[in-house]
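Asks: make a model of this:
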Amino acid sequence: MKDFKYDPDDLIAALATPWAESALAVIRTTGPDCISAAARIFSPSDKLDQAAGNSIVYGYISDGEVKLDEVTAAVYRAPRSYTGQESVEFFVHGSLPGIRKILELLFRSGFREASPGEFTFRAFLNQKMDLTRAEAVQEIISAKSNQAQSLALNRLSGSIENSINTIKSEVTDLLASVEIQLDYPEDEAEMPDVEAGETKPIVGKIDRLLSTYRAGKIYQEGVRVVLAGKTNAGKSSLFNLFLKEDRSIVSDIHGTTRDYLESWISIGGIPVRLFDTAGLREADHPIEAEGIRRSNEIIDNAHVILYVADAQEGITADLEAFMSAYKEDSRCLYVWNKIDKAATAAPDGFIKVSALTAEGFAELEEAIKTVVFRDHYVPGNEPVIDSMRQKKLLEEAREALNRYSQALLDGMPMDMAAVELTDALNALGEITGEVTSADVLERMFSNFCVGK
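Replies: Numbering: from 1, shown residues only. The predicted model follows:
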């Protein structure tokens, strides 16, 4: 593991915007007595040092008598800041040499460069957010579609945390009932009944959350959709229609696409990595043959395969061979393209499309969504998980609850069965960060951007 530093008592600084020329850039700083430390390189220094929290100050960043930049500084006083510590965010001009000089000055003035995710790590330590919200911060940054960003914002607002806390509360109530019976086994007072079936509603809620995992990963990571078919079937035209731009060369000459093209698009909020592949045929040219070989590899690894057939040619031997080879493959959708040029009836199960006029295109997009979410939960407004860490811990909690129920059915002593309830609570607590090792935290936050 890299030697990251996460000492919350250090003063840290980092560029929070991309390292690129821009109109403005944001440099974040935080730590104990951060405002006074930042004021030492700011002019007028007393104006920044005495600024109220949640205010903006205008001035200059200066290295001694030399002014480095004209800036504004947003001042946050603890605990009302992102990290829960004092913080100053400098809004500077987006000149790369200027940014570099300011950062070097900060590092000479008592700040160190922030490790990846260290600002969010401090927010977690200072109870500004739990681990599920911290994970959502990075998910918002990496979201590849509007829907992915919306789901991540829902997690940032606490939807997962609230769901986990509800489940924990129910497990805690159950454990309390068990402990009462253990502490007062012969008490004549009315005791709460403890039965094996009491875990079923709790396990049901866990299963509901777990059922969202695949949808969450789809929206966060996306799926691979491949356009396949013979040369001149209209794959490149369809590729351009998906992109809404002329990206792929369209020609009547066979074998124009000799390698694959790819681009990210969004279909119904699903991030899609779309591939336009070389036409499938016997190739004489070695370059085209290599392109076809690569196309077959991409097809093998696709989530959805769109086999594009030319309506002008009708059913061909190539189409029949492909359908025979992939007849049991649920990933395949068959597209009857060029319906604007031919009146040939589409075979049953084919989606009729014109890449030229976009007729049938909406139906094709809906068919792709159906294949992607076949037999899986499609998210509405409910919490959706996409973290493998959260999934594994939910599974651990479910298994512990099932072991508890089985222990009661097997007639095991109640004090031994109660251990399983404690294990379930520990797994749930680790999801939100109540019970988490330093190694787990470091591994998680090290995947964040520097400056976040």
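Asks: Three-state assignment for residue 273, please.
Replies: When classified by DSSP: H, G, I helix; E, B strand; the rest coil, residue 273 comes out as strand.
Asks: any figure for the gap between the nearest residue to it once chain neighbours are set aside and residue 163?
Replies: In space, residue 273 comes closest to residue 224 once its chain neighbours are excluded; the distance is 5.0 Å by Cβ to Cβ, 6 or more residues apart in numbering. (C-beta placed from N, C-alpha, C; glycine too.) As for residue 224, its distance to residue 163 is 30 Å (criterion: Cβ to Cβ, to the nearest Å).
Asks: follow-up on the earlier one: neighbours of the residue nearest to residue 273, how many?
Replies: 17 (other Cβ atoms under 10 Å).
Asks: what's the pLDDT at it?
Replies: In this model, residue 224 is scored at 93, pLDDT.
Asks: just use 41 as the starting number from now, easier for me
Replies: Sounds good: first residue 41 from here, last item residue 264.
Asks: my guess is it contacts residue 342. True?
Replies: Yes: if you go by Cβ atoms under 8 Å, residue 264 and residue 342 touch, sitting 4.9 Å apart.
Asks: what touches both of the two?
Replies: Residues within reach of residue 264 and of residue 342 at once, by Cβ atoms under 8 Å, 6 or more residues apart in numbering, are residue 315.
Asks: residue 363 sits in which helix or strand?
Replies: For residue 363, the enclosing helix or strand under DSSP states H and E is helix 357-365.
Asks: show me what the helix or strand following that helix is packed against.
Replies: Using DSSP H and E, the helix or strand that follows helix 357-365 in sequence is strand 372-377. Using 3 or more Cβ pairs under 8 Å, 6 or more residues apart in numbering; DSSP states H and E, the elements in contact with strand 372-377 are helix 275-283, strand 344-350, strand 391-392, helix 401-412.
Asks: let's see 10 Å
Replies: Here strand 372-377 touches strand 263-269, helix 275-283, strand 344-350, helix 357-365, strand 391-392, helix 401-412, going by 3 or more Cβ pairs under 10 Å, 6 or more residues apart in numbering; DSSP states H and E.
Asks: what are the pairing partners of that strand, and which direction each?
Replies: According to DSSP bridges, strand 372-377 forms sheet pairs with strand 344-350 (parallel), strand 391-392 (parallel).
Asks: report the angle between it and helix 357-365.
Replies: Strand 372-377 and helix 357-365 are oriented at 160 degrees to each other (axes from the mean of the first three to the mean of the last three Cα atoms, to 10 degrees).
Asks: what is the burial count for the residue nearest to residue 189 when sequence neighbours are not counted?
Replies: Closest residue in space to residue 189, ignoring its immediate chain neighbours: residue 183 at 3.8 Å, by Cβ to Cβ, 6+ apart. By the criterion of other Cβ under 10 Å, residue 183 has 18 neighbours.
Asks: show me the contacts for residue 183.
Replies: Contacts for residue 183 were tallied using Cβ atoms under 10 Å, 6 or more residues apart in numbering; they are 189-193, 259-260, 311.
Asks: backbone dihedrals for the nearest residue to residue 374 once chain neighbours are set aside, please?
Replies: Once flanking residues are discounted, residue 374 sits nearest to residue 390: 4.7 Å by Cβ to Cβ, 6+ apart. Dihedral angles of residue 390 (phi, psi; degrees, to the nearest 10) stand at phi -80, psi 150.
Asks: again with residue 132
Replies: phi -120, psi 170.
Asks: can you redo the strands paired with strand 372-377 as JSON lines with mean pLDDT and mean neighbour count?
Replies: Listed next are the strands paired with strand 372-377 as JSON lines, based on pLDDT from 0 to 100; neighbours: other Cβ atoms under 10 Å:
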{"stretch": "strand 344-350", "mean pLDDT": "93", "mean neighbour count": "24"}
{"stretch": "strand 391-392", "mean pLDDT": "94", "mean neighbour count": "18"}
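Asks: next, format those as JSON lines and append distance to residue 485.
Replies: Formatted as JSON lines, these follow (distance: least, Cβ to Cβ, whole Å):
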{"stretch": "strand 344-350", "distance to residue 485": "34"}
{"stretch": "strand 391-392", "distance to residue 485": "45"}
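Asks: of all the ones you listed, which lies closest to residue 315?
Replies: strand 344-350 (9.6 Å; Cβ to Cβ).
Asks: circling back to that earlier point, list the contacts for the residue nearest to residue 374?
Replies: Applying Cβ under 10 Å, 6+ apart, the residues near residue 390 are 347, 349, 351, 359, 373-377.
Asks: just flag the most distant two among those.
Replies: 351 and 373 (15.4 Å).
Asks: so in this protein, which helix runs the longest?
Replies: Determined from DSSP state H, the single longest helix within the chain is helix 199-223.
Asks: and the helix or strand just after that helix, which residues are buried?
Replies: Later in the chain than helix 199-223, the nearest helix or strand by DSSP H and E is helix 240-250. For helix 240-250, a neighbour-count test (16 or more other Cβ atoms under 10 Å) marks 242-243, 245-246, 249-250 as buried.
Asks: same deal with stretch 197-215?
Replies: 198-201, 203-204, 207-208, 211, 214-215.
Asks: repeat for stretch 100-118
Replies: Of the residues in stretch 100-118, 101-102, 108-109, 111, 113-118 count as buried by neighbour count, 16+ other Cβ under 10 Å.
Asks: in strands, which of these fall?
Replies: 101-102, 108-109, 111, 113-116 (DSSP state E).
Asks: identify the residues contacting residue 209.
Replies: 242, 468.
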